[in-house]
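Colleague: coordinates for the following, if possible.
(2 chains)
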Amino acid sequence: MAKFLSRYFNAVFGLSILVVIGLVALFAPHIAPYEADRIFAGPRLSPPSAAYPFGTDALGRDMFSRVVHGARLTAYVGTIALVIGLGAGAVVGLAAGYSRTWLRGFLMRVIDLLYSFPGLLIALALVAFIGPSLENAMIAVGISTIPFFARVTYSVVIVERAKPYFDSGRVIGAGSLRLMVFYLLPNVLPALIVVGSLGFSTAILAAAGLSFLGLGAQPPAPEWGALLADGRSYMTNAPWLMIFPGLSIFLVVLAFNLVGDAMSEHFDPRQRWKR
Amino acid sequence: MEGVTPEQIEEMRRQLGLGQPAWVQSALYVWHAIQGDFGHTIVGREPVLGFLLSRLPATLALTASGLGIAIAIGLPLGFLAAYNRGRWIDNTLMFISVLGISMPSFWLGLMLLLTVPVYLDFIPVAGEGPASIILPALTLGLVYSAVIARMTRSAMIEVLSEDFIRTARAKGLRETIVMSRHAFKPASISIVTVIGLIFGSMMGGQVIVENVFSWNGLGRVAVLAMQQRDYPTIQGFIILFAAIIVTVSVILDMIYLWIDPRVRTG
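Modeller: Predicted coordinates for the structure are as follows:
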């Protein structure tokens, strides 16, 4: 047990953070003493105290309640962005890896092209044209991660389709769709789950960044990045407005990175040997 | 709209080419863009290209100093971790680097703003002057030094397990010579790759850091333009940023050619 704990300390640590934040998001209305945008729940700009553990903002809103409700938004943003990025990425990667025609070259060149630009820049450009809102931010962040997931899928598919089970499927007459969904996809999934954890942290970080820039969640939504942007004007006299939302983003991202690292180490023997 | 005559609206539409079909407008944009004319900003009515180029030096200065700090911190630490692979020093360094990777750059920037100037009052919080670059560069540098440390570590581990390292050690060479002559040279190739890989994402992080510190570079201008829906400026910004990233990739490819003889003959 002690050995297991020391070897998987990071993963256990990360998972515990995720469980806690997951529970907070799930039971937010029961945990938070006030509604997220209830104004004058307390005095204005009051420092952290027993009644207001994270302090209050300029409108007297309880920061603890806002941060707790913000956990829901973060879970929402991360999930939707991941579904878009991973889903579309897997489809494109499967199609490109399976195809033996011009489609493969075409898809992979497009993916390479997009991959050479930083994801945040793609997300920024998309939000600039579809307009700033939380929904648009997560769509944009999701789209910006498609090239990453497509490349991972593609790299697994080209290995898998050279294996005998794939040929045997073809010989017994399975159609393209069947081959992709029932033969290749199950073997791509483990890799996707591993990188999905890292993708989740990237998505949360990017979405919080967009909201911080005013291009994501709009006031009064208690999104953590937006809370940070709000708190900036009171930086010197009310630093608690920035400490707690930022700490929350940091902890969630850290947790997903730790879990993702542990998983990729566990599933990739080459990396395990490296340690 | 009050005070605007229908003739003025018509004149504006004609100037902006709004009467033409969308594909003609796009084709015209591309045609003008390849001649260096990216249109005029909506807010200030100045030529987009000149406006953006005037902000370019500020952005490049910040990127360069951020990258410099990231390399100065990340490279030695990654090397140290790889050399002590599996020992406590490696584990500690790698845990710190996960913390660094998970750190939102905007939060780190704000926290530095809150703390550093209190203790070191010669560092300006914002504003003009050469010293005002310190905090933004430090923010960018610290976040990306974590990435560089991780990537350098895996590159070095790869090199250190090569046969020629074992040979060099077996023939009794001193460790410093093995490291500086045998290990560093092949590793430097991977390190150039690493810098190329993070440069792109650093240009993304740059946009956020510029806005935290009101650094008057391209990223700040771009986000302002996005909030004001100043589309010609946004388009110009994206094209210019893409051009910078492509240029840097080409330069890095040249460096490969220079440091790796295998690329030259191949």
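Colleague: tell me which parts of the stretch 101-250 of chain A are close to chain B?
Modeller: Residues of the stretch 101-250 of chain A found near chain B (Cβ under 8 Å from any Cβ of the partner chain) are A:116-121, A:124-125, A:127-129, A:132, A:201, A:205, A:208-209, A:212-215, A:225, A:228, A:232, A:235-236, A:239, A:242-243, A:246-247, A:249-250. Bear in mind the C-beta positions are built from the backbone N, C-alpha and C, glycine included.
Colleague: now list the buried members of the residues you listed.
Modeller: By neighbour count, with 16 or more other Cβ atoms under 10 Å in any protein chain shown, those hold A:117-121, A:124-125, A:127-128, A:132, A:201, A:205, A:208-209, A:212-215, A:225, A:228, A:239, A:242-243, A:246, A:249-250 as buried.
Colleague: quick check: phi and psi at residue 56.
Modeller: Using chain A. Torsion angles at A:T56 (phi, psi; degrees, to the nearest 10) stand at phi -130, psi 160.
Colleague: that's the other chain; I wanted chain B
Modeller: According to degrees, to the nearest 10, B:L56 has phi -60, psi -40.
Colleague: just A:A41 next, same as before
Modeller: According to degrees, to the nearest 10, A:A41 has phi -70, psi -20.
Colleague: residue contacts, it?
Modeller: Contact partners of A:A41, counting by Cβ atoms under 8 Å, 6 or more residues apart in numbering or on different chains, are A:P33, A:Y34, A:Y52, A:T56, A:G60, A:R61, A:D62, A:S65.
Colleague: can you do 10 Å?
Modeller: By Cβ atoms under 10 Å, 6 or more residues apart in numbering or on different chains, A:A41 lies in contact with A:33-35, A:51-52, A:56-57, A:59-66.
Colleague: so how far is chain B from it?
Modeller: Note on A:A41: its distance to chain B, by Cβ to the nearest Cβ, to the nearest Å, is 24 Å.
Colleague: among the buried ones among the residues of the stretch 101-250 of chain A next to chain B, which are located in helices?
Modeller: Among those, the members falling in helices (DSSP state H) are A:119-121, A:124-125, A:127-128, A:201, A:205, A:208-209, A:212, A:225, A:228, A:242-243, A:246, A:249-250.
Colleague: hmm, A:S155 is touching A:F148, no?
Modeller: No. Using Cβ atoms under 10 Å, A:S155 is not in contact with A:F148; the gap is 11.3 Å.
Colleague: need the residues of the stretch 51-200 of chain B near chain A, please.
Modeller: Applying Cβ under 10 Å from any Cβ of the partner chain, one finds that the stretch 51-200 of chain B approaches chain A through B:82, B:85-86, B:90-91, B:94-95, B:98-99, B:101-108, B:110-111, B:113-115, B:118, B:125, B:150, B:153-154, B:157-158, B:161, B:198-200.
Colleague: how about a cut-off of 6 Å?
Modeller: B:G86, B:V98, B:S102, B:M103, B:P104, B:F106, B:W107, B:L110, B:L114, B:I157, B:G200 (Cβ under 6 Å from any Cβ of the partner chain).
Colleague: among these, the buried ones, what's the PyMOL command?
Modeller: In PyMOL, selecting the buried portion of those, with burial taken from 16+ other Cβ under 10 Å, looks like this:
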select buried, chain B and resi 98+102+103+104+106+107+110+157+200
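Colleague: kindly indicate which of the residues of the stretch 51-200 of chain B next to chain A lies nearest B:G68.
Modeller: B:G200 (17.3 Å; Cβ to Cβ).
Colleague: so how far is B:N84 from that closest one?
Modeller: Counting by Cβ to Cβ, to the nearest Å, the gap from B:G200 to B:N84 is 30 Å.
Colleague: go on, B:S145?
Modeller: B:S145 sits 18 Å away from B:N84, going by Cβ to Cβ.
Colleague: out of those two, which sits in the busier spot?
Modeller: Neighbour count, other Cβ atoms under 10 Å in any protein chain shown: between B:S145 and B:N84, B:S145 has more, with 26 against 14.
Colleague: right, and that one touches B:G74 too?
Modeller: Yes. B:S145 is in contact with B:G74 according to Cβ atoms under 6 Å; the separation is 3.7 Å.
Colleague: ok, and for the helix or strand encompassing A:A255, which residues are buried?
Modeller: Under the criterion of DSSP states H and E, A:A255 resides in helix A:240-267. Under the neighbour-count criterion of 16+ other Cβ under 10 Å, helix A:240-267 has A:240-246, A:248-265 buried.
Colleague: mean confidence score for that helix?
Modeller: In this model, helix A:240-267 has a mean pLDDT of 90.
Colleague: related to what we said a few turns ago, who's more crowded, A:S155 and A:F148?
Modeller: Neighbours per residue (other Cβ under 10 Å) separate A:S155 from A:F148, with A:F148 holding more: 20 against 13.
Colleague: quick check on residue 39: phi, psi?
Modeller: Since no chain was named, I'll use chain A. Backbone torsions for A:I39, taken as degrees, to the nearest 10, come to phi -80, psi 150.
Colleague: that's the wrong chain, I meant chain B
Modeller: In terms of degrees, to the nearest 10, the main-chain angles of B:G39 are phi 80, psi -170.
Colleague: all set, thanks.
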